[in-house]
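>>> okay, predicted coordinates and the sequence, questions at the end:
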Amino acid sequence: MKAMKKLTIFYSLLAVISLNSCNKTTPDPIPAPENIMNVLTTNAWKMDKITDLNGNAINVDLLPAQTKAFFGVNIQFSGDKTVRAIDPIARRVESGGTWDLIENNKTLYIDLTKDFKGNYPINKLTRSNMSLRNTMEMNGLKFEVNLELIPAL
């Protein structure tokens, strides 16, 4: 009798867990194509941190000088596919260029300066966070990192 009661409780819990897991869906970290432009162009973005692929922040002092420079500017994407790096204090445009979505809207092509030019696969894009994959070179070694940007308010 006790064994039957334990089995009934076990199978009931198993059924509840199975039903709950069926309802959970993981949201796509990249919005639908018609919303990507709205998310990109609503506000300027600023570099929050650069992380390794495990999400560990890389010390800014260890980064190359050209990469450190992006921590001091806001990046503004415009609907006409232009992009500008803006000094947040002087409110002056430091550099400008173009941007586009490529590879089925999963990669952001940015041509802002020689140091910020290339294809950046989109890891995540929401109104509060943008994560782009990048290959950095330091001391002759290349490694993958995530550029973590947040809205510049």
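Looks like it arrived, so ask away.

>>> so for the protein, which residue is the most central one in space?
By Cα atoms, centre = their mean, the chain has its centre lying nearest to S131, at 1.1 Å.

>>> what mean pLDDT would you report for the strand or helix carrying that residue?
When secondary structure is defined by DSSP states H and E, S131 falls within strand 129-138. Strand 129-138 shows a mean pLDDT of 90 in the predicted model.

>>> what does stretch 88-107 give?
Rounded to a whole number, the mean pLDDT of stretch 88-107 is 93.

>>> quick one: buried residues of it?
Of all the residues in stretch 88-107, those buried under the rule 16 or more other Cβ atoms under 10 Å are 99, 101, 105, 107. (Each C-beta comes from the backbone N, C-alpha and C, glycine too.)

>>> and the third one, backbone torsions?
This points to N105. Dihedral pair for N105: phi 60, psi 20, per degrees, to the nearest 10.

>>> separation between it and D111?
From N105 across to D111, the span is 18 Å (Cβ to Cβ, to the nearest Å).

>>> I89 now?
I89 sits 25 Å away from D111, taking Cβ to Cβ as the criterion.

>>> buried sites along stretch 127-145?
With burial defined by 16+ other Cβ under 10 Å, the residues of stretch 127-145 counted as buried are 130-134, 145.

>>> hmm, I was thinking of stretch 51-67
58, 63, 67.

>>> which one of the residues you listed sits closest to A85?
T67 (13.2 Å; Cβ to Cβ).

>>> end to end on stretch 123-141, go ahead and measure it.
Using Cα to Cα, to the nearest Å, the span of stretch 123-141 from its first residue to its last is 23 Å.

>>> typo on my end, it should be stretch 62-78
Start-to-end, stretch 62-78 (Cα to Cα) is 31 Å.
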